[in-house]
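Trainee: Quick one, fold the following:
(one chain, ligands or ions: 2)
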Amino acid sequence: MASPRRVYTHPALREFDLIRTIRRRFGRGDAFVVQSIGDDAAIVAARPHQWDLLTTDLLAEGVHFDLRTATFADVGFRAVAANLSDIAAMGGQPRYLLVVLAVPRDAAGSQIQQLYQGIMAAGRPHGVRLIGGDTSASTGGWFISLTLIGSVPPGRALLRRGARIGDGIYVTGTLGDALAGLSLLKESTGRSRRRSSPASLSSRHRRFLIQRHLRPTARVGIGRWLSTNRLATSAIDLSDGLSGDLGHICKESRVGAEVDTAALPLSSACLAFAAARKIDPSALALTGGEDYELLFTTPAHLKTTLERTAGQRGIPLTRIGTIRPARSGIYAITGEGRRQPISVTSYEHFR
Ligand code: ADP
Ligand code: MG
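Mentor: Ligands and ions are numbered 1, 2, ... in the order given. Coordinates of the predicted model:
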């Protein structure tokens with residue numbers, strides 16, 4: 001969940017360049033490393049019948065969460081959901097968790113307890129076991145870092161680099177909800193330039209959007225279903241926003257993409273939020289991060305199988321576009337049929 005858009009503003013941490021440099025200069029694997037830096041999780045093939053998946057994330061108070069609007073249980077839940085989502089994007093089964101905490105000196109024991117309640121509430125349904133971590137004092141707010149270890153049968157991991165020209169592009173669930181929820185929370189603390197106008201949105205819609213931000217659901221079952229049935233050629237989870245994450249798939253797969261903005265799946269709450277704030281809902285869907293839905297590609301010959309089985313199992317999937325040659329770039333077809341390039345810098349721009 002180290003959301004690049006959150007660190008764009010830090011001049012020393014323009015994350016895309018940073019990671020590219022680290023990957024090129026220091027990212028060396030060995031005979032067991034199937035996937036090093038550059039996907040949702042690393043893959044190590046140290047055992048005969050299983051690939052291990054490893055992912056880690058850091059949440060910093062004031063950057064990734066605000067304790068005026070999130071409880072400690074929310075923070076713990078969301079931290080785990082972000083890691084679960086990276087394992088889901090690899091098609092894997094999450095298994096073991098390590099938790100690293102830096103705790104301000106004035107913190108209470110009950111706050112740490114609540115944090116762990118949130119962590120376990122997110123992990124337990126997936127059978128995740130807490131097996132270690134580290135603890136320190138902090139002079140600058142809370143820091144929570146999780147490392148999640150998962151597994152996938154050899155050869156079955158969903159990578160960012162497998163998309164092929166002609167593949168359909170699919171997403172799970174609805175997009176833009178978490179950004180709308182975050183915007184509502186910011187309005188409530190006065191951190192947004194917009195004045196709060198709660199009357200324009202029903203309390204049901206407000207609650208739904210805020211929950212989508214504070215308590216996201218990782219799509220672990222759908223990721224495993226895709227990998228077990230070999231239904232996807234590539235996958236990523238939506239942590240940075242559709243435009244950025246589709247950009248990662250295209251870059252790693254050396255392809256371009258066409259997105260049909262009219263097809264983007266939007267919840268009724270997100271539509272109501274966009275109408276109340278007079279913003280384009282498809283901009284929310286394209287740029288909004290941290291929905292933790294899956295974005296994946298499926299070849300044309302598997303389209304019917306994918307869509308039919310998803311329908312039978314009640315799996316929420318939407319086809320939003322098609323993989324194109326790299327030279328086409330990444331573009332959207334708008335409702336009026338206009339072709340518009342999709343820029344990767346998302347959230348800051350939208351704000
Ligand atoms: P995600 O949003 O899926 O969590 P990130 O954008 O955080 O992915 O990271 C992309 C890739 O870069 C991953 O392979 C991750 O392990 C790697 N990465 C991120 N930060 C660092 C770092 N400081 N050093 C080494 N690798 C990093
Ligand atoms: Mg990811």
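Trainee: how about whatever residue of the stretch 151-300 of the chain ends up closest to ligand 1, phi and psi?
Mentor: Residue nearest to ligand 1 within the stretch 151-300 of the chain (C-beta to the nearest ligand atom): Ser239, separated by 4.2 Å. Heads up, the C-betas are built off the backbone N, CA and C, glycines and all. Main-chain torsions, Ser239, degrees, to the nearest 10: phi -110, psi -30.
Trainee: ok, now Leu184?
Mentor: phi -60, psi -40.
Trainee: Spell out the secondary structure type for Tyr170.
Mentor: At Tyr170 the chain is in strand, as set by DSSP: H, G, I helix; E, B strand; the rest coil.
Trainee: who touches it in this structure?
Mentor: Listed by C-beta atoms under 8 Å, 6 or more residues apart in numbering, the contact set of Tyr170 reads Leu295, Phe296, Thr297, Thr298, Leu306, Leu317, Thr318, Arg319, Ile320.
Trainee: count of residues packed around Ala121?
Mentor: 15 (other C-beta atoms under 10 Å).
Trainee: what comes up buried for the helix or strand containing it?
Mentor: Using DSSP states H and E, Ala121 sits in helix 109-123. Buried residues in helix 109-123, counting neighbours by 16 or more other C-beta atoms under 10 Å, are found at Gln111, Ile112, Gln114, Leu115, Gly118, Ile119, Met120, Ala122, Gly123.
Trainee: who does the next helix or strand along the chain from that helix pair up with?
Mentor: The helix or strand immediately downstream of helix 109-123 is strand 129-138, counting by DSSP H and E. Using DSSP bridges, the strands paired with strand 129-138 are strand 93-104 (parallel).
Trainee: send the alpha carbons of the strand it pairs with over as CSV?
Mentor: Extracted in CSV, the C-alpha atoms of strand 93-104 (Å, rounded to 0.1, in the frame of the first residue of the first chain):
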residue,chain,number,x,y,z
GLN,A,93,-3.2,-18.0,-0.3
PRO,A,94,-2.2,-15.7,2.5
ARG,A,95,-0.6,-17.5,5.5
TYR,A,96,1.8,-15.9,7.9
LEU,A,97,2.0,-12.3,9.2
LEU,A,98,4.8,-10.3,10.9
VAL,A,99,3.9,-6.9,12.5
VAL,A,100,6.4,-4.1,13.1
LEU,A,101,5.3,-1.1,15.3
ALA,A,102,6.8,2.2,16.2
VAL,A,103,4.7,3.6,19.1
PRO,A,104,4.6,7.2,20.3
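Trainee: what is the mean pLDDT for that strand?
Mentor: The average pLDDT within strand 93-104 is 98.
Trainee: residues contacting the nearest residue in space to His126 that is not next to it in sequence?
Mentor: Leaving aside its chain neighbours, His126 sits nearest to Pro94 (5.0 Å; criterion: C-beta to C-beta, 6 or more residues apart in numbering). Remark: with contacts taken as C-beta under 8 Å, 6+ apart, Pro94 is in contact with Asn83, Leu84, Ile87, Ala88, Gly123, His126, Gly127, Val128, Leu148, Ile149, Gly150, Val220.
Trainee: Restrict those to the buried ones and give me that as a PyMOL selection.
Mentor: Buried residues within these, by 16+ other C-beta under 10 Å, are selected in PyMOL with:
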select buried, resi 83+84+87+88+123+126+128+148+149+150+220
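Trainee: Need the contacts of Pro94 in TSV (columns: distance to ligand 1 and pLDDT).
Mentor: Output for these, formatted as TSV (distance: C-beta to the nearest ligand atom, whole Å; pLDDT from 0 to 100):
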residue	distance to ligand 1	pLDDT
Asn83	8	98
Leu84	11	98
Ile87	10	98
Ala88	11	98
Gly123	17	98
His126	17	98
Gly127	21	98
Val128	17	98
Leu148	11	98
Ile149	13	98
Gly150	13	98
Val220	15	98
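Trainee: from the contacts of Pro94, which single one is nearest Phe77?
Mentor: Gly123 (9.2 Å; C-beta to C-beta).
Trainee: Can you tell me how far the closest one is from Leu97?
Mentor: 6 Å (C-beta to C-beta, to the nearest Å).
Trainee: ok, back up a step: okay, the angle between the helix holding Ala121 and strand 129-138?
Mentor: Taking axes from the mean of the first three to the mean of the last three C-alpha atoms, to 10 degrees, one finds helix 109-123 and strand 129-138 inclined to each other by 150 degrees.
Trainee: Packing partners of helix 109-123?
Mentor: helix 72-89, strand 93-104, strand 129-138 (3 or more C-beta pairs under 8 Å, 6 or more residues apart in numbering; DSSP states H and E).
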